[in-house]
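Q: Sharing a sequence plus its predicted fold:
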Amino acid sequence: MLPGVHAIVPILGFIIFFLAPKTQIPMAPLSFAIKGRVLTAEDGAEYLNALNRFSHVSILKPQHIFFPAELDDIPPILNYATSNDPPIELAVKGGGIHSSAWASSDGGIVIDLAQLNKVALSPDNQSVIVQGGAVWGDVYKVCQEAKLEVVGSPLWFVGVGGFTLGGGYGPLSGEHGLAIDNLLSAIVVLADGRIVRTSPTEEPELFWAIRGGGNQFGIVVEFTFKTHPSAGPFTVGTLIYDGEKLPLILKAIQDWKANQTANSRLNLMFFRPGPSFAPKIMLLPWIAGSASNVEEILAPFRRTVTPLLDKVNSVPDMFALSHGSDASFAAAPKRLIIRGLFIADIWGDMMMEVFKRWRDHTEGSEDVKSSGIMCDLTFPYKITEIDPSATASHVRRPHYWFSVQGRSNRVEADDVNKAFVASVARYVREYNTQKTGEDFGAWISMAQGDESAKDIFGDNLSRLRRAKARYDPQKVWTKGIVIEPASE
Ligand SMILES: Cc1cc2nc3c(=O)[nH]c(=O)nc-3n(C[C@H](O)[C@H](O)[C@H](O)COP(=O)(O)OP(=O)(O)OC[C@H]3O[C@@H](n4cnc5c(N)ncnc54)[C@H](O)[C@@H]3O)c2cc1C
Ligand SMILES: *[C@@H]1O[C@H](CO)[C@@H](O)[C@H](O)[C@H]1NC(C)=O
Ligand SMILES: *[C@@H]1O[C@H](CO)[C@@H](O)[C@H](O)[C@H]1NC(C)=O
Ligand SMILES: *[C@@H]1O[C@H](CO)[C@@H](O)[C@H](O)[C@H]1NC(C)=O
């Protein structure tokens, strides 16, 4: 038996016994057929498998799960849901990675894009055409064969859909900007069932809105991204230190930052590895291309404090890189609650306070000791080259992303994890606002759903509301951070 199969049995049991839909909406019988599959609870194990999400906090029980096999399958599903009285809730699933329940529904319909995952290079190899249900691993596989790269997730299993609609911060963003900055065009199924192409010259307001506006404008069934010549091999370091060395590490990071180049990135994490579960700091420096000065770049992390572990590997391309953490994700507890936000710097005082809160939280109980903090320090200047009015992504001054991640295997631990995640996120957001004089808000890709539209979209909310009035006036897309259509 494969490792992991044992774990599935209790999970299915849990779903069967504890997840009855809260609301039974009266639904007309299905009066249409699609080329793809439809699952209901009567389909047993297949249906239960299809409920699964990366974070088990995101699992809900819909009445129908549709797997469109072609674009034309989607409009009749939308029509069925919107013409029912009352309308049936619609949720759209890309990779199923978001730690909210936005891609799931309790008693409604899930449109699972998993079968729409084809990827093809354009004839000139200058762009890659990706269906809306693909995950980044599907894209990297095709690009790997042609020795090309594209700005995408550091992890293969993240969905291209949700990732891109939330901006898309990848390891290559230091050199090439966000995923949305590399988006050339898209095909969108609108709430009324129309299928439109959008680009800087076709439905340009829709093109502006989907680049940062999330799931509020339609189902993106195809993305066309710009490709770049192979950026590998990538040098990836893993350095681990005792938690008490944090002040020295923060100083080392400032030294590293002073010389940071576009091809260099650093992840900082707080975690408690077994068997001792003592607080540790992990640094994952990353350098693209055959840099000759790797030792020089890594010097700050070795100069004043000796790591407990110091490992440097070379990986050939994004495909290989995106599988680098598979073992640790397989072992991680499955109830994940994340909040993410943007910060202009990783200030020492702020990180010391975050560390203290994280240490106290994870000391308290066995259930939550896998909760962690992760900061991504990708070279922050490429993303500022974009005109701030070109996309709906509203933070265009130099910044990094910060995330706080509550993890456990037990439902009973959700509340304490939620409180921890909310308190650290609030603290960091306020700290950043006080330091910069500007509220960077919360990040939609790592939001929980209790944020306001203003928190997420900032100054761009009013323009997004006008776009909403044009592309979804009836508010068919009710999941996520809902944008009110502008009234005029
Ligand atoms: C472990 C982990 C690491 C992460 N690392 C990064 C990172 O490095 N950089 C980064 O930018 N983000 C990162 N994220 C955040 C991630 O990008 C978001 O959670 C994203 O929403 C996931 O996309 P998905 O399609 O897998 O999610 P889903 O849960 O399927 O969907 C999320 C939302 O997007 C909508 N959606 C998905 N596809 C479509 C589509 N085709 N059309 C319309 N709406 C759609 C869904 O309806 C839902 O509202 C990470 C998340 C996790 C859990
Ligand atoms: C595009 O890439 C493919 C796969 O490597 C290759 O066979 C083809 O010749 C390339 N086409 C162009 C125009 O470079
Ligand atoms: C930046 O790099 C230069 C050249 O290698 C080095 O002399 C200097 O010490 C580095 N700066 C910091 C702050 O480490
Ligand atoms: C969108 O947000 C950016 C950054 O705050 C701002 O520069 C731009 O003017 C905003 N656009 C609109 C239409 O408000």
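A: Received the coordinates, thanks. Ligands and ions are numbered 1, 2, ... in the order given.
Q: for ligand 3, what are the nearby residues on the chain?
A: 255, 258-259, 296, 300 (C-beta under 6 Å from any ligand atom). (Glycine included, C-beta is placed from N, CA and C.)
Q: Which residues of the stretch 1-150 of the chain lie near ligand 4?
A: Counting by C-beta under 6 Å from any ligand atom, the stretch 1-150 of the chain has no residue next to ligand 4.
Q: which stretches of the stretch 1-150 of the chain form strands?
A: 37-39, 64-67, 90-93, 109-112, 119-121, 127-131, 148-149 (DSSP state E, counting those that start in this stretch).
Q: What is the shortest one packed up against?
A: Using 3 or more C-beta pairs under 8 Å, 6 or more residues apart in numbering; DSSP states H and E as the contact criterion, the neighbours of strand 148-149 among helices and strands are strand 228-229.
Q: Let me see the mean pLDDT of the strand it packs on.
A: Average pLDDT, strand 228-229: 97.
Q: which residues are in contact with that strand?
A: 147-151, 172, 175-176 (C-beta atoms under 8 Å, 6 or more residues apart in numbering).
Q: can I get those in JSON lines with pLDDT, neighbour count and distance to ligand 1?
A: Below are the contacts of strand 228-229 laid out as JSON lines (pLDDT from 0 to 100; neighbours: other C-beta atoms under 10 Å; distance: C-beta to the nearest ligand atom, whole Å):
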{"residue": "147", "pLDDT": "96", "neighbour count": "13", "distance to ligand 1": "23"}
{"residue": "148", "pLDDT": "97", "neighbour count": "22", "distance to ligand 1": "20"}
{"residue": "149", "pLDDT": "96", "neighbour count": "26", "distance to ligand 1": "15"}
{"residue": "150", "pLDDT": "98", "neighbour count": "25", "distance to ligand 1": "14"}
{"residue": "151", "pLDDT": "98", "neighbour count": "28", "distance to ligand 1": "10"}
{"residue": "172", "pLDDT": "97", "neighbour count": "25", "distance to ligand 1": "11"}
{"residue": "175", "pLDDT": "97", "neighbour count": "20", "distance to ligand 1": "15"}
{"residue": "176", "pLDDT": "97", "neighbour count": "19", "distance to ligand 1": "14"}
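Q: Tell me the one of these nearest residue 435?
A: Comparing the contacts of strand 228-229 against residue 435 with C-beta to C-beta picks out residue 175 as the nearest, at 27.1 Å.
Q: Skipping its backbone neighbours, what lies nearest the closest one in space?
A: residue 262 (4.7 Å; C-beta to C-beta, 6 or more residues apart in numbering).
Q: What's the local residue count around the one you found?
A: Using other C-beta atoms under 10 Å, residue 262 is surrounded by 16 other residues.
Q: Model confidence for it, exactly?
A: Reported pLDDT for residue 262: 96.
Q: Let me know whether it touches residue 378 as I believe.
A: No. Contact status for residue 262 versus residue 378: not in contact, 9.1 Å apart, counting by C-beta atoms under 8 Å.
Q: so what sits against both of these two?
A: Counting by C-beta under 8 Å, 6+ apart, the residues touching both residue 262 and residue 378 are residue 174.
Q: Residue 459 and ligand 4, how far apart?
A: 4 Å (C-beta to the nearest ligand atom, to the nearest Å).
Q: Same question for residue 83.
A: 34 Å.
Q: Likewise for residue 340?
A: With C-beta to the nearest ligand atom as the criterion, residue 340 and ligand 4 are 18 Å apart.
Q: Checking that residue next. Helix, strand or coil?
A: strand (DSSP: H, G, I helix; E, B strand; the rest coil).
Q: and it, what does it touch?
A: Residue 340 neighbours (C-beta under 8 Å, 6+ apart): 401-404, 425, 442-443, 445-447.
Q: Return the residues in contact with the residue nearest to residue 147 when sequence neighbours are not counted.
A: Leaving aside its sequence neighbours, residue 147 sits nearest to residue 230 (C-beta to C-beta, 6+ apart; 4.4 Å). With contact taken as C-beta under 8 Å, 6+ apart, residue 230 is in contact with 147-149, 317.
Q: For ligand 2, what is the nearest residue in the stretch 351-488 of the chain?
A: Of all residues in the stretch 351-488 of the chain, the one sitting closest to ligand 2 is residue 382 (25.4 Å; C-beta to the nearest ligand atom).
Q: Which residues lie in contact with the closest residue to that residue other than its chain neighbours in this structure?
A: Closest residue in space to residue 382, ignoring its immediate chain neighbours: residue 177 at 4.9 Å, by C-beta to C-beta, 6+ apart. Contact analysis of residue 177 by C-beta under 8 Å, 6+ apart lists 151, 382-383, 385-386.
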